[in-house]
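In: Requesting a structural model of the entry that follows:
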Amino acid sequence: VQLQASGGGLVQAGGSLRLSCAASGLTGNVYYMGWFRQAPGKERELLAAISWSGSFTYYGDSVKGRFTISRDNAKNTVYLQMNTLKPEDTAIYYCAAGRVAVRTAASWSYWGQGTLVTVSS
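Out: Below you'll find the predicted structure:
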């Protein structure tokens with residue numbers, strides 16, 4: 001299984017970015033996909049998760065109303081649209097795949113390499 005995250009970069013506060021995560025090797029339709037982030041000195045935080053069908057989504061309080069998770073199963077890709085970005089959103093963003101959608105990072109099975117998002121004030 002490989003997860004390849006991309007789309008990070010430098011953006012001014014109030015701006016937008018869209019992250020992508022291309023997955024390969026995931027079999028069946030039992031995996032949730034999620035986006036986490038980790039800032040220096042902080043724990044890895046679950047931002048959003050989505051079921052295979054897209055019928056279930058979860059958003060963390062820190063991003064609710066600003067970020068949107070979606071997936072295109074035909075392309076084996078999950079997206080994170082990030083709007084109204086704030087300096088405190090600066091972190092390394094990771095995509096993950098797992099059989100359960102829980103906030104505990106250790107419970108997720110597969111991880112992408114991370115992509116850096118920097119929001120300037």
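
In: Near the closest residue to Tyr31 other than its chain neighbours, how many residues? Count them for me, please.
Out: Take Tyr31 and drop its neighbours on the chain: the residue closest to it by C-beta to C-beta, 6 or more residues apart in numbering is Ala97, 4.7 Å away. For glycine as for every other residue, the C-beta is placed from the backbone atoms N, C-alpha and C. Residues near Ala97, counting by other C-beta atoms under 10 Å, number 21.

In: Ala97: what's it in contact with?
Out: Contacts were defined as C-beta atoms under 8 Å, 6 or more residues apart in numbering; by that measure Ala97 touches 1, 3, 23, 26, 31-34, 108-110.

In: per-residue confidence averaged over the host helix or strand of it?
Out: Taking DSSP states H and E as the definition, one finds Ala97 inside strand 91-98. For strand 91-98, the mean pLDDT works out to 97.
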